[in-house]
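Asks: give me the fold of what follows.
(one chain, ligands or ions: 2)
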Amino acid sequence: MIKVDNLEKSFKKKDVLKKISFEVGKGEVVGLLGENGAGKTTLLRLLSTLLTPSGGNLRVAGFDTVKQQEQVRKSIGVLFGGETGLYQRLTARENIYYFGRLYKMPADQMEARLMELARYFSFESFLDRKVGEFSRGMLQKVAIARSLLHNPEVILLDEPTTGLDVTSAHGVRKLIFDLKEQGKTVIFSSHIMEEVERLCDRVVMLHNGVILYDGGLQNLFEKEGTNDLERIFMSRIGGVV
Ligand SMILES: Nc1ncnc2c1ncn2[C@@H]1O[C@H](COP(=O)(O)OP(=O)(O)OP(=O)(O)O)[C@@H](O)[C@H]1O
Ligand SMILES: [Mg+2]
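Replies: Ligands and ions are numbered 1, 2, ... in the order given. Predicted coordinates for the structure are as follows:
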């Protein structure tokens, strides 16, 4: 579903990603780990077609992220931590419909899917309130629902639980679990090791522009002789354990 091949990204003279390669199969949930500035958001933005690679190739759902941007966008649902991209003066429903129209979804299909998502995320009661007055958790629910409206195969989430309270964070984790059950492919970045341990089949660790580890969590635990992902991460990046 995702194929990253010798991907490079530099900003001015800074090489953020240095020829990284990895693949993600259908139905896999992959956790993206790395310190602040490691390039997690940059990688997710590249996969979302929002940035252009400086070198290498990127394919999502079989499409090239540079040459087939529109097909890639139709196949993905994206959420970037903090920035929900919702219009403050529109209601939750209007925001979601606006997005659906951009995707040229038929009105009845959009309505049915909206109600399904509103029930799933329990926001039926504030569907018709302006998002400008929403709390962070409410905003996040609407933003996630919006990103899933067109039922994408690949879901890219940048720190989806950061800043959420226990209940909302739990909701997002349940969502990732349910997406996996539905056979969707998910990549999410996180600084919360416990969340990664609980949800992911695989992890990709980024550090200084390269991949330090790409593989199954169980394999990693066996290799390192411990199930303590934080400890493993710290030792792999050469930090103090
Ligand atoms: N548009 C940009 N212009 C210049 N430099 C950028 C740009 N976007 C990202 N960078 C740089 O790329 C590096 C990686 O940033 P990125 O946001 O991808 O890190 P991250 O792993 O998501 O970190 P965090 O955990 O803090 O979210 C940083 O050094 C950052 O300053
Ligand atoms: Mg980031």
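Asks: which residue packs closest to the residue minimising distance to the centre of the chain, ignoring adjacent ones?
Replies: By Cα atoms, centre = their mean, the chain has its centre lying nearest to L157, at 1.6 Å. Spatial nearest neighbour of L157, excluding adjacent residues (Cβ to Cβ, 6 or more residues apart in numbering): F188 at 3.9 Å. For glycine as for every other residue, the C-beta is placed from the backbone atoms N, C-alpha and C.
Asks: list the buried residues in the longest helix along the chain.
Replies: The longest helix of the chain (DSSP state H) is helix 166-181. Neighbour counts over helix 166-181 (16 or more other Cβ atoms under 10 Å) mark S168, A169, G171, V172, R173, L175, I176, L179, K180 as buried.
Asks: with stretch 48-62 instead?
Replies: So stretch 48-62, judged by 16+ other Cβ under 10 Å, has buried residues S48, T49, L51, P53, G56, L58, R59, V60, A61.
Asks: what's the local residue count around whatever residue of the chain ends up closest to ligand 2?
Replies: In the chain, the residue that lies nearest ligand 2 is T41 (3.2 Å; Cβ to the ion). Residues lying near T41 (other Cβ atoms under 10 Å) number 19.
Asks: what does the one 3 residues further on give?
Replies: Using other Cβ under 10 Å, L44 has 23 neighbouring residues.
Asks: how far does the helix or strand hosting it sit from its chain's centre?
Replies: According to DSSP states H and E, L44 maps onto helix 40-47. Helix 40-47 sits 9 Å away from the centroid of its parent chain (Cα atoms, centre = their mean, to the nearest Å).
Asks: packing partners of the next helix or strand after that helix?
Replies: Next along the chain after helix 40-47, taking DSSP H and E as the criterion, comes strand 55-60. When contacts are defined as 3 or more Cβ pairs under 8 Å, 6 or more residues apart in numbering; DSSP states H and E, strand 55-60 sits against strand 2-11, strand 14-24, helix 40-47.
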